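Enquirer: Have a look at this prediction, sequence included:
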Amino acid sequence: MDMSNRRIVILGKTGVGKSSLANTIFGEKRFNVGHTVNSDTKKCQSVTKSINGRDVTLIDSPGFFDTDRSEKELKCEILRCIIDFAPGPHAFLILLKVERYTEHEQSVITKINQYFSEEVFKYATVLFTHGNELEEGHSIEDFVRYNEHLRNLVKKCGGRCHVIDNKYWKNNQPDEYRSNQFQVKQLLKTIDEMVEANGGRCYTNKTLEEVEERIIQEVQLIRQSPGNLTNVQIREEAKDKAFDWFWLKWVGFGVVTLIGALFGIVMLR
């Protein structure tokens, strides 16, 4: 993997603001944004852009934590994410809203703890959206302090926690803390420090390694065929072929098992 390219996966339930966050980080609209609770993000979207001289790839995942999608639809998109994640991301952003926590919100945190291996948390940062709901004069750390479940989640993520507001916090705010420009800068700094602490490695596991090996095999086969595809086009075609191959291999597994394989809880065979 090209270590100069930061691969960042955005995780969260539908409607939390994943696509809007990606656009905010890039400073321009590169991802489709849904304007209803039934978000447009029904599949992985991946975009690469240079930020401060370094390529950053943002992967906007579908709502793993949603409950209103069919088993087949979710399985298809989870497999697509496994393909897109390979050989592994440098960082996971766990998105939650600044809001009063109900049983529904708590179920998301419960699923995160269920799906994630301890290794994943070494690569994860909690990022809150809808920062406009944060009380004046309060930091996101103040908000987290009053909820035991949030405190435990942030602790698992090494204390890494940030806040952003995709709608209201424009640049040049009187309060620097409530500025997306400031918060994005701090977020990217946190990710750099985390990657350094992880020895520059990306997160991976046996499943992602197996997928990457298959993609490399498909790349080699495509290169043997006539054509003038770019390296990017070749890899995308190889990923599509790998998807078809693994779909036939893993079609019998359930959603929870596939998610567990993606986050290192189980190994698919």
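Expert: Ah, there it is.
Enquirer: What residue, apart from its backbone neighbours, is nearest Tyr203 spatially?
Expert: What sits nearest to Tyr203 in space, not counting adjacent residues and going by CB to CB, 6 or more residues apart in numbering, is Tyr123, at 4.3 Å. Just so you know, the C-beta spots here come from the backbone N, C-alpha and C atoms, and that holds for glycine as well.
Enquirer: and the residue of the chain most remote from its centre, what are its phi and psi?
Expert: Residue farthest from the centre of the chain, counting by CA atoms, centre = their mean, is Pro226 at 35.5 Å. Pro226 adopts backbone torsions of phi -70, psi 150, taken as degrees, to the nearest 10.
Enquirer: Run through the residues that contact it.
Expert: For Pro226, no residue meets the contact criterion (CB atoms under 8 Å, 6 or more residues apart in numbering).
Enquirer: just to revisit the earlier point, quick one: neighbours of the residue nearest to Tyr203, just the number.
Expert: Burial of Tyr123 is recorded as 26 neighbouring residues (other CB atoms under 10 Å).
Enquirer: Ok, the one 5 residues further on next?
Expert: For Phe128, the number of neighbouring residues by other CB under 10 Å comes to 25.
Enquirer: Would you confirm that it contacts Tyr101?
Expert: No. Under the criterion of CB atoms under 8 Å, Phe128 makes no contact with Tyr101, lying 11.6 Å away.
Enquirer: now the helices: where do they sit in this protein?
Expert: Secondary structure of the chain (DSSP state H): helices at 18-26, 71-85, 103-115, 118-121, 140-145, 148-156, 180-197, 206-223, 231-250, 255-262.
Enquirer: What distance do you get for the residue lying closest to Met267 once chain neighbours are set aside to Phe263?
Expert: Take Met267 and drop its neighbours on the chain: the residue closest to it by CB to CB, 6+ apart is Lys206, 4.8 Å away. The gap separating Lys206 from Phe263 is 12 Å, by CB to CB, to the nearest Å.
Enquirer: Looking at those two, which is more packed in?
Expert: Taking other CB under 10 Å, Lys206 and Phe263 do not tie; Phe263 has more neighbours (24 against 13).
Enquirer: Wait, that one touches Glu118, no?
Expert: No. Between Phe263 and Glu118 there is no contact, the gap being 10.5 Å when judged by CB under 8 Å.
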